[in-house]
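all I have is the shape, not the residue letters:
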Ligand SMILES: CC1=C(/C=C/C(C)=C/C=C/C(C)=C/C=O)C(C)(C)CCC1
Ligand SMILES: [Fe+2]
């Protein structure tokens, strides 16, 4: 498995043309932009965990039936410092680094300090976020890096803390129809008040405000939720939204702040400060977007670990939300490179298989309802919400499907009733071997697989003027362990799940995590907006040229 995980990848900075077999739909024009770890050794030093790897951006540009591939390491401060020192000098998720053992006492003290009041890495390896017309590589720390989505060049470093009090933020933001970003983060150092913060970054400078300033300056806090435990906030990787609500799971997979404050001195990694408390509950917070307040009722379910929310919507006075859940935190454990590279089949067996679970939460709890009664009257699910004596509500999910991760939906249906989940299929190991289309209505699934092929997250791109939810294609970057087979971009018809085309590239492709698709129409709109802006005010031009 070293071939997939541990090996450093070569960049392909110049676009290289892929060999296309099959026929790419004529309407599919744009760029699939993705992120993931690509380098796990620097000089003689080696990262411990797959999530530590230096971010390698890659893109597939689809134009008139042809595909061009390129890749480039994110030139983060972390990357530059490591390369210059020829060893790992910045701490990551699973690897604590010690910059210079010979430095004097002052710089040593400084180093302790920056690991106590966390100033984390800017190795943004997880996802790509769109903010207005700009694109950012993201991870889960306070830093994100602006990138040029065409050349993959690294631009400014943005510190969330300048705009909102968070030390950590998810790499899975949501977008509304106007393109405003809704994200969540955790504040762990502000006056000892550990809290979860939901915030909004506008796509453009709001009307009536001084134009020309960055929309970031208009970032606003939507709602703050105090952590149940000041010294041990929940870890979370994503959250859910419906038209009017936000769903946040405060799960018993928690970060220990005291451990984090002393991790550097104890020579322990950030990952070792995370613990799963299986005897505790998972609290379900529902935030009303109109009042910007949490719904007062206490909803909870059993202990579980969720990384990815799939989708959520409102139906008959309820919130229905779907997540991929585990019984424990074995997933993060399995991605230690030591587990992935030796005795793979033995060491990387999931002790809990990820399952698609549907929860239903009643928005109004009937005072007269009997204790023990099920408050869910929605016919479409067997999920229950039981009223308890103390007024709390205990939610039990409906199990929909077993063995899937990296879920995606048609984003036009995000927050709304929907039918299809596109995901990577996993079984005993966390490494996907299939791509799955799960139909929630008929409870049936379609699959794509091929020998020695390891698919990435499947991304849905809608066809222009799409009527059905699955009118469009699925894109997935596939690496292979067969030396005879080149890595390729797979294009499936999302309806039938049959292969439309594949674009094979003779490059050293890495297995990636997440990304997005930028349609050429978006470029055109941007180009048009840029030229209008130039015409209107022949002033300085922002952002990267997109020609
Ligand atoms: C560096 C760092 C972190 C990094 C977490 C990462 C990098 C998580 C990656 C998760 C992925 C890829 C999940 C996929 O499902 C923490 C723990 C937030 C906090 C401390 C500093
Ligand atoms: Fe993720």
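Great, that's in hand. Just so we're clear, the structure is a prediction, and the values are computed from it rather than from any experiment. Numbers count the residues shown, from 1 in each chain. Ligands and ions are numbered 1, 2, ... in the order given.

low-scoring stretches of the stretch 201-350 of the chain, by residue?
Per-residue confidence for the stretch 201-350 of the chain (pLDDT under 70) gives these ranges: 341-348.

measure the residue of the chain most remote from its centre to residue 392 for me?
Relative to the centre of the chain, the most outlying C-alpha is that of residue 368, 41.4 Å out, by Cα atoms, centre = their mean. Noted for residue 368: a distance of 17 Å to residue 392, by Cβ to Cβ, to the nearest Å. C-beta here means a position set from N, CA and C on the backbone, and glycine is covered the same way.

can you map out the strands along the stretch 51-200 of the chain?
54-63, 66-73, 127-131, 134-138, 143-147, 154-159, 168-169, 174-175, 181-187, 195-201 (DSSP state E, counting those that start in this stretch).

looking at those strands, which is closest to ligand 1?
Smallest distance to ligand 1 across these (Cβ to the nearest ligand atom): 5.1 Å, for strand 168-169.

mind putting the strands of the stretch 51-200 of the chain into a markdown table with distance to ligand 1 and mean neighbour count?
Listed next are the strands of the stretch 51-200 of the chain as a markdown table, based on distance: least, Cβ to the nearest ligand atom, whole Å; neighbours: other Cβ atoms under 10 Å:
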| stretch | distance to ligand 1 | mean neighbour count |
| --- | --- | --- |
| strand 54-63 | 10 | 24 |
| strand 66-73 | 16 | 21 |
| strand 127-131 | 9 | 23 |
| strand 134-138 | 10 | 24 |
| strand 143-147 | 10 | 24 |
| strand 154-159 | 14 | 16 |
| strand 168-169 | 5 | 23 |
| strand 174-175 | 17 | 19 |
| strand 181-187 | 9 | 22 |
| strand 195-201 | 13 | 21 |
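
what residues does the protein have near ligand 1?
Residues of the chain lying close to ligand 1 by Cβ under 6 Å from any ligand atom are 51, 92-93, 120-121, 126, 139-141, 168, 237, 270, 307, 513.

mind listing what residue 6 touches?
40-41, 337, 340-341 (Cβ atoms under 8 Å, 6 or more residues apart in numbering).

neighbour-wise, which one of those residues leads?
residue 40 (24 neighbours; other Cβ atoms under 10 Å).

mind telling me what element the nearest residue to residue 428 once chain neighbours are set aside is part of?
Excluding the flanking residues, the one nearest residue 428 by Cβ to Cβ, 6 or more residues apart in numbering is residue 349, at 5.3 Å. Assessed by DSSP states H and E, residue 349 sits outside every helix and strand.

make sure residue 271 is indeed in a helix.
Yes: the assignment for residue 271 is a helix, going by DSSP: H, G, I helix; E, B strand; the rest coil.

need the contact list for it.
Neighbouring residues of residue 271 by Cβ under 8 Å, 6+ apart: 49, 93-94, 332.

which one of the residues you listed sits closest to ligand 1?
The closest of those, once distances to ligand 1 are taken by Cβ to the nearest ligand atom, is residue 93, at 3.9 Å.

so how many other residues sit close to the nearest residue to residue 404 once chain neighbours are set aside?
What sits nearest to residue 404 in space, not counting adjacent residues and going by Cβ to Cβ, 6+ apart, is residue 423, at 4.0 Å. Residues contacting residue 423 under the criterion other Cβ under 10 Å number 28.

okay, and the beta partners of residue 423?
Beta-bridge partners of residue 423, counted by DSSP bridges, are residue 436.

you'd agree it is up against residue 438?
Yes: counting by Cβ atoms under 8 Å, residue 423 does reach residue 438; the two are 6.8 Å apart.

between those two, what contacts are shared?
In contact with both residue 423 and residue 438: 356, 404, using Cβ under 8 Å, 6+ apart.

and residue 164, backbone torsions?
phi -160, psi 140 (degrees, to the nearest 10).

meant to ask about residue 507, not that
Per degrees, to the nearest 10, the backbone of residue 507 is at phi -140, psi 170.
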